[in-house]
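J.: Sequence plus predicted model, see below.
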Amino acid sequence: MRLHLHLLSDSTGETLENIAKAALAQFDDVETIRHFWPMVRSEPHLERILQEIAHNPGLVLFTLVSSEMRRSLETRCRALGLPAVAPLDPVNDALSNLLGQQAKARPGRQHVLDAAYFQRVDAIQFTIAHDDGVNWENWEEADIVLAGVSRTSKTPTSIYLANRGFKTANIPIVPESPPPDKLFHLKHPLVVGLTTSADRLIQVRRNRLLSLNQAAETAYVDQEAVTREVAYARRMFADNGWPVIDVTRRSIEETAAAIIGMVNDQGTSE
């Protein structure tokens, strides 16, 4: 099935994209054509978008706080026979009833440059500067250190965690080149081992080599070598008592959520 999905926001649209992504994940065999319209804050801009919606009819999701623009959008969508859904309305209504106050109609209010914003910026800068074992001397300043053999999603997981405000470093585990001794004596950061099945690792690595136009048959993808490499990393994790996450069947988001849960548990126990 083919679906045109129109996402209209008077801010960055990040929240709306995440909602749409979460909802679409529940449906199979849907070819989604996304039309993304951020920073919609004027009637002329909305009018141009409505013309595009008329040419490519489909589901309309929106987060617009302006009552006039909402009315214009909903009226035109009704005339076109298209559903227009404001997914945050039920949440705002529930909060309004419980708190006894009206929501502030300010576009992008959730993106105010507050302390949490600057914490995320600092975390991202730290994480980029401490990728793949670089600047290991500063690991004690990290919140999280991820360890794992090559292609266990250490870097994308680190970036995801950084966007959640966690300073994250990562280090590849290579039998021929042991990690710095500092890794085994960290006090502040939570060290987490990432592992996966040898078969899955070989598949990912082969795809990586092909994308780089490199030879597809090397020790990097040899079954026995990879099996030994994974076993070596797992022994290291066990010997040091580090929590381990098998990423074989996990998305980056699921892995990060599990790690954040560990961090929170660690903070509660301190």
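T.: Thanks, I have the structure now.
J.: Could you pull out the strands in the protein for me?
T.: 2-9, 31-37, 59-63, 84-85, 144-148, 168-172, 190-195, 244-246 (DSSP state E).
J.: average pLDDT across the first one?
T.: Per-residue confidence for strand 2-9 averages out to 93 on the pLDDT scale.
J.: Show me what that strand is in contact with.
T.: 13, 15-17, 20, 24, 30-40, 46, 49, 52-53, 56-64, 73 (C-beta atoms under 8 Å, 6 or more residues apart in numbering). Every C-beta, even on glycine, is put in place using the N, C-alpha and C of the backbone.
J.: Paired strands for that strand, with orientation please.
T.: strand 31-37 (parallel), strand 59-63 (parallel) (DSSP bridges).
J.: Any idea how far it is from the middle of the chain?
T.: 21 Å (C-alpha atoms, centre = their mean, to the nearest Å).
J.: Show me which residues of that strand are buried.
T.: 4-9 (16 or more other C-beta atoms under 10 Å).
J.: With distance to residue 222 added, can I get the residues you listed in CSV?
T.: As requested, these are arranged in CSV below (distance: C-beta to C-beta, whole Å):
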residue, distance to residue 222
4, 47
5, 44
6, 49
7, 45
8, 51
9, 49
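J.: circling back to that earlier point, comparing the strands paired with strand 2-9, which comes out most buried?
T.: strand 59-63 (a mean of 22; mean count of other C-beta atoms under 10 Å).
J.: Render the CA-only coordinates of that one in PDB, please.
T.: The C-alpha atoms that make up strand 59-63 are tabulated as PDB, following Å, rounded to 0.1, in the frame of the first residue of the first chain:
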ATOM      1  CA  LEU A  59      -2.900  11.600   6.000                       C
ATOM      2  CA  VAL A  60      -2.100  15.000   7.500                       C
ATOM      3  CA  LEU A  61      -0.400  15.200  10.900                       C
ATOM      4  CA  PHE A  62       0.200  18.600  12.400                       C
ATOM      5  CA  THR A  63       1.400  20.400  15.500                       C
END
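J.: so how far is stretch 227-243 off the chain centroid?
T.: The answer for stretch 227-243 is 26 Å, by C-alpha atoms, centre = their mean.
J.: before we move on, back to that, can you tell me which of the strands of the chain is nearest to residue 99?
T.: strand 59-63 (19.6 Å; C-beta to C-beta).
J.: looking at the strands paired with strand 2-9, which one has the lowest mean pLDDT?
T.: Minimum mean pLDDT among the strands paired with strand 2-9: strand 31-37, a mean of 92.
J.: circling back to that earlier point, tell me which of the strands of the chain lies nearest to residue 225.
T.: strand 168-172 (14.9 Å).
J.: What are the buried residues along the closest one?
T.: In strand 168-172, the ones that count as buried by 16+ other C-beta under 10 Å are 168-172.
J.: go on, stretch 164-184?
T.: Here stretch 164-184 shows 164-173, 179, 183 as buried, counting by 16+ other C-beta under 10 Å.
J.: for stretch 70-82, same thing?
T.: Those would be 70, 72-74, 76-77, 82, for stretch 70-82 by 16+ other C-beta under 10 Å.
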